[in-house]
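# need a structure here:
(chains A and B)
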Amino acid sequence: EDQVTQSPEALRLQEGESSSLNCSYTVSGLRGLFWYRQDPGKGPEFLFTLYSAGEEKEKERLKATLTKKESFLHITAPKPEDSATYLCAVKTGANNLFFGTGTRLTVIP
Amino acid sequence: DAMVIQNPRYQVTQFGKPVTLSCSQTLNHNVMYWYQQKSSQAPKLLFHYYDKDFNNEADTPDNFQSRRPNTSFCFLDIRSPGLGDAAMYLCATSRDEIRNTDTQYFGPGTRLTVL
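Just a heads-up that it's a prediction; the model follows:
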């Protein structure tokens, strides 16, 4: 059975304190791994797509990496405006986008 | 700016009273999706349209229906809402299902409350 697990469920960081969020997956036929940011009461906002192991993508303070079993979202020197829930989703051979439950990040000034 | 628009943002309905949620897009994407997201849970796919072809997820209740009258618009109809249907409903689009690595872009969501 396809499964996506994100850890930790919640993370509190001081402003400037770098850290990483984890997304581990067991799926049949990975077609892509997606990272989204979701603010309370809003729809997910697309951040990155990763297609193959070893691939990396960067955007401002965020960097996403992919291995054969997991992806990491690295946050460097976070700011309070980075506070949000970060969702990981995988697209499988069944053409379904399967989401994890997210990591709720709080960055304290 | 091209975007995915959902109306209304907040909808209150009574138990058993039919309700329709609306989604429109200016991206000219072929595929439109409806997701249900309950508090602190992952979005769950209900169904999607590839052009006019409707694709229902196996575990989507019959209470949920959808219409796509044209490329730009898609509607979610809940025929007899129950208390368990209270959730955020998210509409998303992607360019092409066949190229199944395409990114899905989400609207802001409609928060449904059932009294």
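# contacting residues around A:Lys57?
If you count contacts by CB atoms under 8 Å, 6 or more residues apart in numbering or on different chains, A:Lys57 has them with A:Phe48, A:Thr49, A:Leu50, A:Lys63, A:Ala64. Glycine gets a C-beta too; all of them are placed from N, C-alpha and C.
# quick one: secondary structure of B:Asp77?
When classified by DSSP: H, G, I helix; E, B strand; the rest coil, B:Asp77 comes out as strand.
# can you count the residues close to it?
By the criterion of other CB atoms under 10 Å in any protein chain shown, B:Asp77 has 13 neighbours.
# what strand or helix carries the nearest residue to it once chain neighbours are set aside?
Leaving aside its sequence neighbours, B:Asp77 sits nearest to B:Gln65 (CB to CB, 6 or more residues apart in numbering or on different chains; 4.4 Å). Using DSSP states H and E, B:Gln65 sits within strand B:64-67.
# return the list of helices and strands in contact with that strand.
The contact analysis (3 or more CB pairs under 8 Å, 6 or more residues apart in numbering or on different chains; DSSP states H and E) places strand B:64-67 against strand B:44-50, strand B:73-78.
# can you rerun that using 7 Å?
In terms of contacts (3 or more CB pairs under 7 Å, 6 or more residues apart in numbering or on different chains; DSSP states H and E), strand B:64-67 is packed against strand B:73-78.
# pull out the CA atoms of the strand it packs on and give them to me as PDB.
C-alpha atoms of strand B:73-78 as PDB (Å, rounded to 0.1, in the frame of the first residue of the first chain):
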ATOM      1  CA  PHE B  73     -15.500  25.900 -14.600                       C
ATOM      2  CA  CYS B  74     -16.100  22.900 -12.300                       C
ATOM      3  CA  PHE B  75     -18.700  22.500  -9.600                       C
ATOM      4  CA  LEU B  76     -18.900  20.300  -6.500                       C
ATOM      5  CA  ASP B  77     -22.500  19.300  -5.500                       C
ATOM      6  CA  ILE B  78     -23.100  17.800  -2.100                       C
END
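# burial of residue 27, as a residue count?
I'll assume chain A. Around A:Val27 there are 18 residues (other CB under 10 Å).
# I was thinking of chain B, sorry if that wasn't clear
15.
# poorly predicted segments of chain A, please.
Filtered on pLDDT under 70, chain A yields the residue ranges A:93-95.
# in chain A, which spans are strands?
For chain A, applying DSSP state E gives strands covering A:3-7, A:10-14, A:19-26, A:32-38, A:45-50, A:56-59, A:62-66, A:70-75, A:84-91, A:97-99, A:103-108.
# for those strands, which one ends up most surrounded?
The highest mean neighbour count among the strands of chain A, using mean count of other CB atoms under 10 Å in any protein chain shown, belongs to strand A:84-91: a mean of 24.
# now for that strand, which elements pack on it?
Counting contacts by 3+ CB pairs under 7 Å, 6+ apart, strand A:84-91 is packed against strand A:3-7, strand A:19-26, strand A:32-38, strand A:97-99, strand A:103-108.
# now the ones you listed in JSON lines, with distance to chain B?
Shown next, in JSON lines, are the helices and strands packed on strand A:84-91 (distance: least, CB to the nearest CB, whole Å):
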{"stretch": "strand A:3-7", "distance to chain B": "8"}
{"stretch": "strand A:19-26", "distance to chain B": "12"}
{"stretch": "strand A:32-38", "distance to chain B": "4"}
{"stretch": "strand A:97-99", "distance to chain B": "4"}
{"stretch": "strand A:103-108", "distance to chain B": "8"}
